[in-house]
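>>> Test case, fold it:
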Amino acid sequence: MRPVHACNMLIFSISIFIPSTLLWIATPPRTPYTMLYVLTSSALFQLAVAASDSALPAFEADLVPRLKRGNVMATLMLVSGITTAIATTIGGLGYKEIAPHFPFLISMSLLLMGFLVILFRMKEPSKREV
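Okay, the predicted model is just below:
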């Protein structure tokens, strides 16, 4: 059996995130199908999270030299925290002032850009860090 590489898992993950977000946006309010939409979207979202949560650390470990991993991971966590705070604020303002779908559309746009970067620019490293 062929091993699944981190890039393939990230591509799979994003290709599930996008339809799950679309399904969430398309959920009809207060109909007999509302719960079906919500459950399906949530299940797809959790599948995508599980795939990306296993692929990202593996990919980072493959790319970052062992002696620099601590510094790189700390920097990534710091940037992630700052980015999350900013994105949450912008998303909340967009939700309130523009439209409830705004944060989800922005999220999908960013996911699509990430998908294209991973698909066309990122490659599995030929030599993995140990």
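>>> going forward, measure contacts and count neighbours with C-alpha atoms only.
Fine.
>>> Ile118 and Leu111, how far apart?
Ile118 sits at a distance of 10 Å from Leu111 (criterion: C-alpha to C-alpha, to the nearest Å).
>>> That should have said Asp62, apologies.
With distances taken as C-alpha to C-alpha, Asp62 is found 22 Å from Leu111.
>>> can you check Val64 too?
According to C-alpha to C-alpha, Val64 and Leu111 sit 23 Å apart.
>>> Over to Leu39?
Between Leu39 and Leu111 the distance, using C-alpha to C-alpha, works out to 21 Å.
>>> neighbour count winner among the two?
With other C-alpha atoms under 10 Å as the criterion, Leu39 and Leu111 differ in neighbour count, and Leu111 comes out ahead with 16 against 12.
>>> which residue sits closest to that one, ignoring its sequence neighbours?
Using C-alpha to C-alpha, 6 or more residues apart in numbering and skipping residues adjacent in sequence, the residue nearest Leu111 is Ile14, 6.5 Å away.
>>> got it, and Ile16?
When the adjacent residues along the chain are set aside, Ile16 lies closest to Ala48, with 5.6 Å between them (C-alpha to C-alpha, 6+ apart).
>>> Next, count neighbours for that neighbour.
Ala48 sits with 22 neighbouring residues when counted by other C-alpha under 10 Å.
>>> State the helix or strand in which it lies.
With elements delineated by DSSP states H and E, Ala48 resides in helix 34-63, which encompasses its position.
>>> mind listing what's buried in that helix?
For helix 34-63, the neighbour count (16 or more other C-alpha atoms under 10 Å) marks 37-38, 41-42, 44-49, 51-52, 55, 59, 61-63 as buried.
>>> From Gly70, how far out is Gly91?
As for Gly91, its distance to Gly70 is 31 Å (criterion: C-alpha to C-alpha).
>>> do the same with Gly92
Noted for Gly92: a distance of 33 Å to Gly70, by C-alpha to C-alpha.
>>> These two - which one has more neighbours?
Counting neighbours by other C-alpha under 10 Å for Gly92 and for Gly70 shows that Gly92 has the greater number, 16 against 12.
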